[in-house]
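Engineer: Fold the following and give me the result.
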Amino acid sequence: MPKLIQTDAYSAHLRERSVRREERRLQIARIAGSEQEKDLTSPPNCGGFGRVRHFRRTSKSGLWPANPLPIDPAAANLGLEPSEELRAQVFQNAACNWRCWYCFVPFRLLDAQEDAGAWLSADELIDLYLSEPEQSRARMLDLTGGQPDLVPEWVPWMMQAFRERGLEGKVYLWSDDNLSTDYFWRYLTPAEQELVATFAGYGRVGCFKGFDEDSFSFNTQAEPQLFNRQFDLFERMLRTGVDLYAYTTFTARSSDGIEDKMARFVDRLQKIDVNLPLRTVPLQVYPFKVVKERLDSHAHHAKLGNTPFEAQQRAIEAWSRELERRFSNEMRQRRITDVQVTKRS
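Structural biologist: Predicted coordinates:
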């Protein structure tokens with residue numbers, strides 16, 4: 001078993017190396033020339049710091065529940081009909097405090113190493129975005145990582161740049177969060193927090209890693225008890241009023257007792273809001289090239305073989321049964337943007 005990450009200390013270390021608040025600059029990963037570039041279907045763009053991602057509603061296998069994120073929130077905000085696929089312009093911050101074994105980003109791009117990225121401002125990122133040909137420019141910007149919330153300034157700085165360029169409401173902004181730190185409240189001013197909560201055309205997703213403490217720690221290499229912190233942080237963010245959704249991953253080292261564990265996981269979501277499971281999307285983990293090489297090179301994972309993927313399959317079956325038991329067919333068929341949850345407290 002790999003040594004567990006000391007999340008709080010490591011988060012502070014990475015934050016110090018990845019944001020210069022007075023200069024309003026962030027460490028952004030350079031995708032061009034990286035191991036990640038080999039997995040892309042289109043070459044990196046935006047001077048090598050961006051990539052285009054195709055979000056697809058239907059899974060490759062066709063056997064996994066549909067994923068409407070961020071397709072439906074973006075369509076609703078841009079006044080478009082929901083579609084099967086959505087193109088997004090992606091930028092990645094160059095730091096993450098967890099090491100999820102299934103992450104498609106090479107770990108070298110998560111260490112805030114200066115030679116793997118560059119210090120860029122929000123204005124410079126917008127310049128790079130607008131330099132792409134208008135006819136092929138995506139109408140959605142995805143701020144991902146890495147772990148964007150290690151540098152929570154990134155989102156409000158981008159929003160301020162959007163407003164200055166007249167892009168608010170014309171380009172949809174989306175960011176993700178691994179629910180590991182309280183930096184949003186610790187480092188943003190009340191005015192910055194309010195901007196994030198009220199900005200037109202912004203959506204955010206928090207990702208629950210695993211369905212219990214053991215699967216969480218197996219997936220992230222972090223301390224098991226931080227599984228519980230995810231729920232506290234998600235609820236706190238929901239109460240700000242931001243348009244918030246959830247992802248979850250279900251890979252595990254064992255599928256023992258998975259029916260009961262999944263029931264308890266759904267209970268925890270419903271304790272935050274009774275409808276939250278309907279705004280939660282399980283992500284199917286695939287062995288991409290970078291992931292496969294990582295698995296093959298770690299004896300602990302290699303020894304597990306196909307077990308994490310078999311556990312994932314049993315987990316999604318248990319998840320589906322829980323939703324069928326707790327919600328009517330009409331509720332389960334609603335668009336994710338129409339599922340109401342209590343936001344501002």
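Engineer: Could you use CA atoms for every contact and neighbour count after this?
Structural biologist: OK.
Engineer: I'd like the mean pLDDT over stretch 303-316, please.
Structural biologist: What stretch 303-316 shows for mean pLDDT is 91.
Engineer: right, I mislabeled it, should have said stretch 5-25
Structural biologist: What stretch 5-25 shows for mean pLDDT is 98.
Engineer: repeat for stretch 29-42
Structural biologist: Taken as a whole, stretch 29-42 has a mean pLDDT of 92.
Engineer: in it, what counts as buried?
Structural biologist: Going by neighbour count (16 or more other Cα atoms under 10 Å), the buried part of stretch 29-42 is 29-32, 34-37.
Engineer: count of neighbours near the residue nearest to C100 when sequence neighbours are not counted?
Structural biologist: Spatial nearest neighbour of C100, chain neighbours left out: T220 (4.3 Å); criterion: Cα to Cα, 6 or more residues apart in numbering. For T220, the count of nearby residues is 22 (other Cα atoms under 10 Å).
Engineer: picking that back up, among the buried residues of stretch 29-42, which are located in strands?
Structural biologist: A29 (DSSP state E).
Engineer: name the helices or strands packed onto the helix ranked longest in the chain?
Structural biologist: Longest helix in the chain, counting residues (DSSP state H): helix 307-326. Secondary-structure packing of helix 307-326 (3 or more Cα pairs under 8 Å, 6 or more residues apart in numbering; DSSP states H and E): helix 258-272.
Engineer: Enumerate every residue touching the nearest residue to N45 once chain neighbours are set aside.
Structural biologist: By the measure of Cα to Cα, 6+ apart, the closest residue to N45 outside its immediate chain neighbours is R51, 5.5 Å from it. Contacts for R51 (Cα atoms under 8 Å, 6 or more residues apart in numbering) come out as 31, 42-45, 89-91.
Engineer: Which of the helices or strands spans the residue nearest to D296 when sequence neighbours are not counted?
Structural biologist: Leaving aside its chain neighbours, D296 sits nearest to A302 (5.6 Å; criterion: Cα to Cα, 6+ apart). For A302, the element it lies in under DSSP states H and E is helix 299-304.
Engineer: hang on, the earlier thing: closest one of the contacts of R51 to A138?
Structural biologist: Taking Cα to Cα as the measure, A138 sits nearest to Q89 out of the contacts of R51, at 5.8 Å.
Engineer: So which bits of the one helix or strand that closest one maps to are buried?
Structural biologist: Assigning secondary structure by DSSP H and E places Q89 in strand 85-92. Neighbour-count burial for strand 85-92 flags 86-92 (criterion: 16+ other Cα under 10 Å).
Engineer: Give the other helices and strands that that strand contacts.
Structural biologist: On a contact count with 3+ Cα pairs under 8 Å, 6+ apart, strand 85-92 meets strand 25-29, strand 50-56, strand 140-144.
Engineer: So for the first one, what gets flagged as buried?
Structural biologist: Right, the one you point to is strand 25-29. 25-29.
Engineer: Need the contact partners of that strand.
Structural biologist: Strand 25-29 has contacts (Cα under 8 Å, 6+ apart) with 17-20, 49, 91-95, 109, 112, 114, 116-122, 151, 154.
Engineer: give me the beta-bridge partners of the residue positioned nearest the centre of the chain?
Structural biologist: The centre of the chain sits closest to D176, judged by Cα atoms, centre = their mean, with a distance of 3.5 Å. Beta bridges link D176 to V205 when assigned by DSSP bridges.
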